[in-house]
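> Okay, structure incoming, though there's no sequence with it:
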């Protein structure tokens, strides 16, 4: 199974949406997959908290960093693999882009995270560098960050050349776009 978080964006000139998925396969050899929804998600824009219907990434005129947290407490045993997927669907820009995923601690809240109290970036667990085409799925192997049942948080950000991309958050008005 896979968890999908669809995020949408529009800046008046560009429109698109992206999906974020986490798939966790428990150990035990039975090949069973378990999907988990984000229990918290938010982003900061130029250091200020934004917790609404979208998550954003940008590293140009505005610094936007997204935070995602997953509760895998229902996992029965250790995970053999875990994948975070981001699917491009809005704000498509040409050129080579870098998207990075970092581990972080769980000491943040979607309603209060700012640059002043945001958790520090831990180890970079995955990245993608290349062009991003419309509807492209970017799978990130986050297995090194998921050991088994627990709470896991990630910071997702663009590299230095990253233009704006928007995703639907768990608060999005359209239920089919929310994390599930």
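Yep, it's here. Quantities reported herein were computed from a predicted structural model and do not represent experimental measurements.
> What residues sit buried inside stretch 37-44?
Of the residues in stretch 37-44, those buried under the neighbour-count criterion (16 or more other C-beta atoms under 10 Å) are 38-44. The way it works is simple: take the backbone N, C-alpha and C, and place the C-beta from them, glycine included.
> Would you format those residues as CSV with distance to residue 130 and secondary structure included?
Rendered in CSV, the data for those read as follows (distance: C-beta to C-beta, whole Å; DSSP: H, G, I helix; E, B strand; the rest coil):
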residue, distance to residue 130, secondary structure
38, 25, strand
39, 30, strand
40, 29, strand
41, 25, strand
42, 27, strand
43, 23, strand
44, 26, strand
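> which residues are contacting stretch 42-50?
51, 54-57, 62-67, 110-116, 118, 169 (C-beta atoms under 8 Å, 6 or more residues apart in numbering).
> And these, which of them are buried?
So, by 16+ other C-beta under 10 Å, the buried ones in the contacts of stretch 42-50 are 51, 54-57, 63-67, 110, 113, 118, 169.
> In terms of pLDDT, where does the closest residue to residue 159 other than its chain neighbours sit?
Excluding the flanking residues, the one nearest residue 159 by C-beta to C-beta, 6 or more residues apart in numbering is residue 98, at 3.0 Å. pLDDT, residue 98: 85.
> Wait, residue 98 touches residue 131, no?
No: using C-beta atoms under 8 Å, residue 98 makes no contact with residue 131, being 11.1 Å away.
> Who has more neighbours out of those two?
residue 98 (15 against 11; other C-beta atoms under 10 Å).
> wait, what's in contact with the more buried one?
Going by C-beta under 8 Å, 6+ apart, the list of residues near residue 98 reads 127-129, 158-162.
> in the sheet, who's paired with it?
residue 129 (DSSP bridges).
> before we move on, the earlier item: could you find the lowest-pLDDT member of the buried ones among the contacts of stretch 42-50?
Pick the lowest pLDDT in the buried ones among the contacts of stretch 42-50 and you get residue 169, at 60.
> thinking again about what came up before, take the contacts of stretch 42-50 and keep only those in helices.
Applying DSSP state H to these, no entry is found in helices.
> one step back: tell me the one of the buried ones among the contacts of stretch 42-50 nearest residue 146?
Taking C-beta to C-beta as the measure, residue 67 is the one of the buried ones among the contacts of stretch 42-50 closest to residue 146, at 16.6 Å.
> low-scoring stretches of the protein, by residue?
1-31, 86-93, 134-136, 162, 165-180 (pLDDT under 70).
> What are the boundaries of the helices in it?
Going by DSSP H, the chain shows no helices.
> thinking again about what came up before, kindly reformat the buried ones among the contacts of stretch 42-50 as CSV containing distance to residue 154.
Shown next, in CSV, are the buried ones among the contacts of stretch 42-50 (distance: C-beta to C-beta, whole Å):
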residue, distance to residue 154
51, 16
54, 17
55, 11
56, 15
57, 12
63, 17
64, 15
65, 11
66, 9
67, 7
110, 13
113, 13
118, 13
169, 14
